[in-house]
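the following comprises the amino acid sequence and a computationally predicted model.
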Amino acid sequence: MEWLESILKPVTAFILSVISDWGYAGVVVCMTIESACIPLPSEIIMPFSGYLVSTGRFTLWGVVLAGAIGNVIGSWIGYWLGYVGGRPLAERLSRWRIIRMDEYDRADGWLKRHGLQVAFWTRLVPIVRTFVSFPAGAARVPLLRFTIYTFLGSCIWAFGLAWIGVIFGEHWERIRGVWRGVDVAVLIALLVLMALGLRAHLKSGRSR
């Protein structure tokens with residue numbers, strides 16, 4: 001899939017450049033972007049950071065802390081959007097297919113049934129981990145507890161991926177093979193949803 005590589009290569013190059021140039025701050029920045037519902041895969045960010053641990057540039061716990069802090073900051077952004085905009089904003093975004101209301105309602109239901117533990121467990125699930133912050137903010141859950149659960153779950157996720165990078169060393173990119181199917185599915189879904197959203201927006205504009 002040459003078209004996919006043409007998209008993933010600049011994304012990977014951006015991540016490697018930011019972390020190489022900015023150090024721990026680069027890890028924070030990249031993980032903030034990833035946790036703010038922007039497709040910047042932590043499956044690249046943290047294994048590469050783990051590789052740098054194996055070279056002696058970083059420490060493992062420094063990388064884990066930087067990754068978790070970035071996740072918390074990005075989650076605050078999603079939480080704030082949900083807190084300010086609530087369900088009406090989610091419905092507006094759903095017109096552009098940015099948010100699916102059935103998924104929003106499902107996440108909201110999880111929060112109501114299981115409480116803030118959802119913020120912890122979803123941090124260990126690829127893709128889903130980045131989207132729970134919005135309904136959490138809309139539900140006005142306590143920010144401090146939300147932050148604690150998010151931080152703890154993010155530490156486990158960051159540690160796991162960074163440790164893989166340490167083990168693989170200079171061959172850290174081999175983990176890409178494990179996540180390639182996920183990346184393809186996510187990328188295709190994003191492109192399709194954006195196209196449908198644009199089509200719906202143009203159609204509604206013509207009908208006015």
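Happy to help now that I have it.

so which strand or helix has the closest residue to Arg140 other than its chain neighbours?
Of all residues not flanking Arg140 in the chain, Tyr83 sits nearest, at 6.5 Å (CB to CB, 6 or more residues apart in numbering). Where C-beta positions appear, they are placed from N, C-alpha and C, glycine not excepted. Element membership of Tyr83 [criterion: DSSP states H and E] is helix 60-95.

for that helix, packing partners?
helix 24-35, helix 42-55, helix 101-114, helix 133-138, helix 143-168, helix 175-207 (3 or more CB pairs under 8 Å, 6 or more residues apart in numbering; DSSP states H and E).

ok, the residue nearest to Arg140 touching Ala138?
Yes. Counting by CB atoms under 8 Å, Tyr83 does reach Ala138; the two are 6.8 Å apart.

higher neighbour count, the two?
Shown here are Tyr83 and Ala138; by other CB atoms under 10 Å, Ala138 has more neighbours (23 against 19).

what sits against the more buried one?
Neighbour list for Ala138: 82-83, 85-87, 90, 108 [criterion: CB atoms under 8 Å, 6 or more residues apart in numbering].

in this structure, which helix or strand is least confident?
The helix or strand of the chain with the lowest confidence, counting by mean pLDDT, DSSP states H and E, is helix 175-207 at a mean of 53.

now do the SS call for Leu40.
Three-state call for Leu40 (DSSP: H, G, I helix; E, B strand; the rest coil): coil.

now the phi/psi pair for it, please.
Here is the backbone geometry of Leu40 (degrees, to the nearest 10): phi -120, psi 100.

run a quick neighbour tally on it.
Neighbourhood size, Leu40 [other CB under 10 Å]: 21.

that one is in contact with Val18, isn't it?
No. With contact defined as CB under 8 Å, Leu40 and Val18 do not form a contacting pair (9.7 Å).

which residues are common contacts for those two?
Cys30.

tally of neighbours for Thr32?
Neighbours of Thr32 under the rule other CB under 10 Å: 21.

return the distance of it relative to Val72.
With distances taken as CB to CB, to the nearest Å, Thr32 is found 9 Å from Val72.

which residues of the chain score low on pLDDT?
Across the chain, residues meeting the criterion (pLDDT under 70) sit at 1-7, 93, 96-100, 103-104, 127-128, 176-208.
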